[in-house]
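**Student:** Build the 3D model from these lines:
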Amino acid sequence: MLLESGIYRLVYEYYEARILFGYYRYGESLPSINRICDVFQMAPATVRNALTLLEKKGLIRVDARKTAKVIYKTTPEELRKNAVKYFAPREAGIQELCESGKLLLEPLWQEGVRKCGEKEWQWFMDALSSPLSGAVSMPVKFYYLVLHGMGNGMALNFYWEIIGYVRFPYLVNREEKEAERYTGTENNREQVVTWLHEQYAAFYFDAVKDIKAFLRQHEKAVFPEGAEQVPFYCSIYRQRPQLCYTMVSLVIRDINRGVYTAGDYLPSLPKMAEIYDVSVSTVRRTLSLLNSLGLTKSYQGKGTQICKIVRSMDFSRPEIRESMRLYLESLQILALTIRRISYYTLQHTSEEDRRWLEEAFVKMQRKGKSFYSFETCLFFIEEKCPLSIVRECYGKMREMLAWGYPFTMLRLQERSLHEEYEERIQRAAEELVRKDYEAFSLEWESLLKHEEEIMRSRLERHLTAEKEE
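**Tutor:** Residues are numbered from 1 along each chain as shown. This next block holds a predicted model:
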């Protein structure tokens, strides 16, 4: 996700929430465009776009020469209903964020701090020492800036999807007073991050407590008892049809599992549309992408054949370059988070579920299909982790990981996938059988870090060569 679109969303959702929940009332003015630019560190054009959307929604009126005014008329009772309607069906997800954040976001923040340059770090320190008023809480904003420094758009996307889901970071500092400043004497990164964690934890605890108390007072009048909760959902696709890319992932995973084998022809267009429950036009776009990935080849009047030897990818197609970027970003996030998340999941699942995973790994080794362990491990987390935010994010990364399959085949040449991963997966299987879940999680962390390092260097080399040509 692009930096501009990330901040754009922040500004729009920030003011939308504050208007709908009564922090800005009818007739009141929003800060000036210059002020918003200072607070959110963004370009005037992007602020204007956010304000235009707010105007289209009927929340404000924009005057070219004056600050935007709130035109949303409501009563205190309607404001309470707005808040209940939003927070009541998301209460379960909001409560679990603290645990999900430790597992999913904290390792990414730590990596962002590690990669942060001295110039950027000094900017952070200046912002902490002299914070501007009227903005999202400093810990939330700081973590955004740190994540941006990672250069991983998917990590940034997950972060804003989560903040946008829980919404309450947009509601801090109701009086638009100056945020609490950092008063530490040392410019020590670990010390600063510890302070920010404490600030965020205190803010989160108070916010959840206030939301729960508010809901207990008002929800029965607005939110029907027993109504379903709204689950956390995130999208990794921007400005393109999602079905087509999801179907590419499904077909690759079916090839990997042996549903379709090398040399065979895929089913006809109508049959594939029926199998995957999509339109024929979506199947056509999917086959075009599979051809560009070098995994299949289409013949006029014959159909689409799965290649016995994966051909070179067509990196001239923007969709292929974008998908490979998302693949690398998924690998990086998995490498940074898999140890904590796999261990947590194994600790919080039933003995029956753990036994299923053990048997699955042993079978993969026996059948010479160790490469399928990636899919199995991520599927296990997606299905069994008790935290819905983790399940959703890992499901999206499992989808993107499939895109690396043809490039891995191209990289290995004559060497089989099983040979490549056999030794490591055997150790992981043995650790599962011994019930040493910590060692199992460390093995996965090591494997994914190794995989990311190799794939990043090779893919970046291919992409650079393509640009030069």
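
**Student:** Can you check which helix is longest in the chain?
**Tutor:** helix 189-222 (DSSP state H).

**Student:** Check which residues of that one are buried.
**Tutor:** 192-193, 195-197, 199-200, 203-204, 207-208, 211, 215, 218-219 (16 or more other Cβ atoms under 10 Å). The way it works is simple: take the backbone N, C-alpha and C, and place the C-beta from them, glycine included.

**Student:** and if you look at stretch 267-282?
**Tutor:** Neighbour counts over stretch 267-282 (16+ other Cβ under 10 Å) mark 267, 269, 272-273, 275-276, 278, 282 as buried.

**Student:** On the C-terminal side of the longest helix of the chain, identify the next helix or strand.
**Tutor:** Using DSSP states H and E, the helix or strand that follows helix 189-222 towards the C-terminus is helix 242-257.

**Student:** Can you give the contact residues for that next one?
**Tutor:** For helix 242-257, the external contacting residues (Cβ atoms under 8 Å, 6 or more residues apart in numbering) are 235, 237, 260-261, 266, 276, 278, 282-283, 285-286, 289-290, 293, 295, 306, 319, 323, 371-372, 375, 399-400, 402-403, 405-406.

**Student:** tell me the contacts of the nearest residue in space to residue 87 that is not next to it in sequence?
**Tutor:** Leaving aside its sequence neighbours, residue 87 sits nearest to residue 211 (Cβ to Cβ, 6 or more residues apart in numbering; 5.4 Å). Contacts for residue 211 (Cβ under 8 Å, 6+ apart) come out as 87, 91, 94, 168.

**Student:** okay, residue 211: pLDDT?
**Tutor:** Here, the pLDDT recorded for residue 211 equals 85.

**Student:** now it: how far from residue 21?
**Tutor:** Using Cβ to Cβ, to the nearest Å, residue 211 is found at 11 Å from residue 21.

**Student:** which one of the contacts of residue 211 sits closest to residue 49?
**Tutor:** Using Cβ to Cβ, residue 168 comes nearest to residue 49 of the contacts of residue 211, at 24.6 Å.

**Student:** quick one: contacts for that closest one?
**Tutor:** Per Cβ under 8 Å, 6+ apart, neighbours of residue 168: 87, 94, 207-208, 211.

**Student:** How about residue 48?
**Tutor:** Residues near residue 48 by Cβ under 8 Å, 6+ apart: 33, 62.

**Student:** Report the buried residues of the helix or strand where it lies.
**Tutor:** Using DSSP H and E, residue 48 sits in helix 44-56. Of the residues in helix 44-56, those with enough neighbours to count as buried (16+ other Cβ under 10 Å) are 46-47, 50-51, 53-54.

**Student:** With respect to residue 62, which of the residues you listed is nearest?
**Tutor:** Taking Cβ to Cβ as the measure, residue 62 lies nearest residue 51 of the buried residues of helix 44-56, at 5.3 Å.

**Student:** if we can go back for a sec, take the contacts of helix 242-257 and keep only those in helices.
**Tutor:** Assigned to helices by DSSP H, the following of those qualify: 276, 282-283, 285-286, 289-290, 319, 323, 375, 399-400, 405-406.

**Student:** quick one: low-confidence ranges for the stretch 1-150 of the chain?
**Tutor:** 1-7, 39, 41, 131-139, 141-142 (pLDDT under 70).

**Student:** Now do the helices in it.
**Tutor:** Using DSSP state H, counting those that start in this stretch, the helices of the stretch 1-150 of the chain run over residues 3-20, 33-40, 44-56, 76-87, 91-100, 106-115, 118-129, 138-150.
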